[in-house]
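> Just the structure for this:
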Amino acid sequence: MSHCRHGIEELCDTGAKRYEQALRDGHLRAEDAVDAPCLTDLGLLHPSLDDLGRLEPVAPAALLNHLLRGSRARIAEERRREDRLTALFEPLLHGAAEHGAHADTPTLRILTGTDRINDAISDAMAEATHEVLCVQPNVHYHNERGRAAQAVAMDRDQAVLDRGARIRTLYQHTQRNAPLVLARYEQLRGDAQARALDELPDRLILIDRTVAFVPAGEDGRLALEVRHPALLRFFATAFDRLWRLATPMYPQAVQRPTLNGVTPRQRAIAALLTEGHTDTAIADRLGMNVRTARVHIAKLATTLGSESRAQLGYLIARSGILDPES
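Okay, the predicted model is just below:
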């Protein structure tokens, strides 16, 4: 088996045993150290002047002092580097303060990696005292990592509610009966409210209207931390308007009415059909799979008496099901 390289502070078991043997016997045969090349690489053993086939140990005290001197030298160099950086940036910090710049809190920051993103959200929510606003277009916790993230989020949310703050969350209608969503509100205690819309923008978490988190990439591994006042006002206003349009689902659910035999879901699909979207695009916009979308389209066609896709668009427009007053 190959020997993995490592530092002296991570001396492998084989190396430690061979070094102890060399200290005990005063030397070690070179062939006995073949399986622990770290001993010579790290300077724990060196060849004997009288016999190159024999390795002699360096005294532990001498080796420790040598290593500590190197460590102290690195620490001293880091401190000198800190001093140089401080001398470089101190005038700039004073200048920024005089012009009212917020040097300590950047207004926009890119977060990389799910762990760093979750840590930043947790830190911000730990200081929440008023309200947390969330947009959750979908809820997927199918693997172990996802379920662990859900448990962390539940603890985080409950801590916010325990401080007397409230949480308002917008879901897509396709998620209103999802087991994970229902389980969430069965467990949370406090002022947690939820509503649903057919279409939602991407994920948003807005905390006390002082910091927000939005995706910065498609794979969920990049997020943008926003502290710019103008952007925060925009997010809050957009959320409040979507909230007024949404259908309550918790703590008291409201059932949307069926009009002229057309369900609310079918009306949302009808609106997208008239805009010329494909089945795949409709499914993506409404948070459902393509097969489900096509089932709804077929039922809508049957209700309106349509025999073709082109005729369906005409019948939707003539039926009035998309009129604002209907």
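> from here on, contacts and neighbour counts on C-alpha atoms
Will do.
> can you give me the helices for the stretch 1-150 of the chain?
Taking DSSP state H, counting those that start in this stretch, the helices of the stretch 1-150 of the chain run over residues 13-25, 38-41, 60-98, 114-125, 144-162.
> winner for burial among these?
Of all the helices of the stretch 1-150 of the chain, helix 38-41 has the most neighbours on average by mean count of other C-alpha atoms under 10 Å, namely a mean of 20.
> can you list the residues that contact it?
With C-alpha atoms under 8 Å, 6 or more residues apart in numbering as the test, helix 38-41 has contacts from 5-6, 11, 15, 19, 33, 45-46.
> again, 6 Å this time
residue 45 (C-alpha atoms under 6 Å, 6 or more residues apart in numbering).
> With just CA atoms, put that helix into CSV.
C-alpha atoms of helix 38-41 as CSV (Å, rounded to 0.1, in the frame of the first residue of the first chain):
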residue,chain,number,x,y,z
CYS,A,38,8.0,10.1,6.3
LEU,A,39,10.7,9.5,8.9
THR,A,40,13.5,10.7,6.7
ASP,A,41,11.3,13.2,4.8
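> Could you give the average pLDDT over it?
For helix 38-41, mean pLDDT is 82.
> can you check stretch 7-25 too?
For stretch 7-25, the per-residue pLDDT averages 84.
> quick revisit: okay if I get the helices of the stretch 1-150 of the chain as CSV plus distance to residue 266?
As requested, those are exported to CSV (distance: least, C-alpha to C-alpha, whole Å):
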stretch, distance to residue 266
helix 13-25, 68
helix 38-41, 70
helix 60-98, 56
helix 114-125, 36
helix 144-162, 31
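> Domains in this structure, by residue range?
8-58, 108-250, 264-319 (automatic domain parsing).
> Pipe the ones you listed into JSON lines and attach distance to residue 86 per row.
Shown next, in JSON lines, are these (distance: least, C-alpha to C-alpha, whole Å):
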{"stretch": "domain 8-58", "distance to residue 86": "31"}
{"stretch": "domain 108-250", "distance to residue 86": "23"}
{"stretch": "domain 264-319", "distance to residue 86": "51"}
